[in-house]
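Colleague: Take a look and give me a structure for this.
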Amino acid sequence: MEVLIAVLMAAVAVAAVLPPFVARGRAARAASGAGGARDDGLLEAEIARYREALRAGTVCEHCTFANPPGSRYCADCGRRLPAPGTAGAAAGPA
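Modeller: Model (predicted):
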């Protein structure tokens, strides 16, 4: 009889905890199946952001984070970015 009560209590506990996990799984499957075009747009936006940082010379040499134009410090690792116009000076011909 005690075993039956323990099993019933375990079943009630599982039933109380399980629904949120099942709902998260359904939501994740729904988002991954229908988000193809949306993901392409996000990817294109990230590529455009990185290209803008390359043109502005604000890509961090340490962590390669694409910082906004005019940045003086890396938003990801905190290192100082090279001053505008000096980024390519070290790589120039000798």
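
Colleague: alpha carbons only for contacts and neighbour counts from here, please
Modeller: OK.

Colleague: secondary structure class for D76?
Modeller: Assigned with DSSP: H, G, I helix; E, B strand; the rest coil, D76 falls in the coil class.

Colleague: ok, it touching F65?
Modeller: Yes. Using Cα atoms under 8 Å, D76 makes contact with F65 at a distance of 6.5 Å.

Colleague: Which one's more surrounded, the two?
Modeller: F65 (16 against 12; other Cα atoms under 10 Å).

Colleague: Helix or strand for P82, just tell me which one.
Modeller: P82 is part of no helix or strand when elements are defined by DSSP states H and E.

Colleague: burial of it, as a residue count?
Modeller: 17.

Colleague: Got the phi and psi for it?
Modeller: phi -60, psi 150 (degrees, to the nearest 10).

Colleague: Report the contact partners of it.
Modeller: By Cα atoms under 8 Å, 6 or more residues apart in numbering, the contact set of P82 is T58, R72.

Colleague: how much space between it and A53?
Modeller: Note on P82: its distance to A53, by Cα to Cα, to the nearest Å, is 13 Å.

Colleague: quick one: the helices in this protein?
Modeller: For the chain, helices defined by DSSP state H occupy the ranges 2-34, 36-56.

Colleague: any chance of the ones you listed in CSV, with distance to S71 too?
Modeller: As requested, the helices of the chain are exported to CSV (distance: least, Cα to Cα, whole Å):
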stretch, distance to S71
helix 2-34, 35
helix 36-56, 9
